[in-house]
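A.B. asks: when you get a sec, could you give me coordinates for this:
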Amino acid sequence: MSLSSSPLSPVPSPSVPSSPTSSASHSIWTGPIDLPSNFVNIEADGRRREKQSYVMSLDGIDVEDDDQDRLFTKFSIDTVYSSYLASRYRVRQYTQLLMLLKREEDAWAQRVKHASRLMPDYIPPMAWNV
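C.D. replies: Modelled structure (predicted):
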């Protein structure tokens, strides 16, 4: 990857003074900066991370994971699991209630059958399916 092909120049090019000094200690730079190849990769990775952070911040996503995020995640999971256990317990209670009601229904059906044998001529005011 060359410096000229990247859309953003990793290092600003120095400006050449309009009036060069005649002092021997100052020299005018005219060539490209000689950078190690991994510097360009590091610079590109930095830009990529910065862009990703910017996009994620626009979406409302926090890139850095801190203690409060971990605590929030832990409490969220605990809350969901507690809700699951509570609903499971309620289902068990409703199932037991339905079993009790079914037994009660069966007991009343037995009583009706027994009573209808005692008074065979009796016709109830409404039609029962026994």
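A.B. asks: only C-alpha atoms from now on, for both contacts and neighbour counts.
C.D. replies: Fine.
A.B. asks: what's around residue 52, how many residues?
C.D. replies: Using other Cα atoms under 10 Å, residue 52 is surrounded by 13 other residues.
A.B. asks: next, residue 89: phi, psi?
C.D. replies: phi -70, psi -40 (degrees, to the nearest 10).
A.B. asks: do you know how far it is from residue 78?
C.D. replies: Counting by Cα to Cα, to the nearest Å, the gap from residue 89 to residue 78 is 16 Å.
A.B. asks: same thing with residue 101?
C.D. replies: Counting by Cα to Cα, the gap from residue 101 to residue 78 is 34 Å.
A.B. asks: below-threshold pLDDT in this structure: ranges please.
C.D. replies: Applying pLDDT under 70 to the chain flags residues 1-40, 56, 58-65, 124, 127-130.
A.B. asks: can you show me the helices along it?
C.D. replies: 37-59, 67-118 (DSSP state H).
A.B. asks: looking at those, which is closest to residue 126?
C.D. replies: helix 67-118 (13.4 Å; Cα to Cα).
A.B. asks: isn't residue 122 right next to residue 115, touching?
C.D. replies: No: the criterion here is Cα atoms under 8 Å, and residue 122 misses it with residue 115 at 9.6 Å.
A.B. asks: circling back to that earlier point, can I get the helices of the chain in a markdown table with distance to residue 126?
C.D. replies: What follows is the helices of the chain, written out as a markdown table (distance: least, Cα to Cα, whole Å):
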| stretch | distance to residue 126 |
| --- | --- |
| helix 37-59 | 66 |
| helix 67-118 | 13 |
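A.B. asks: roughly how far apart are residue 101 and residue 108?
C.D. replies: The value you get for residue 101 to residue 108, if Cα to Cα is used, is 10 Å.
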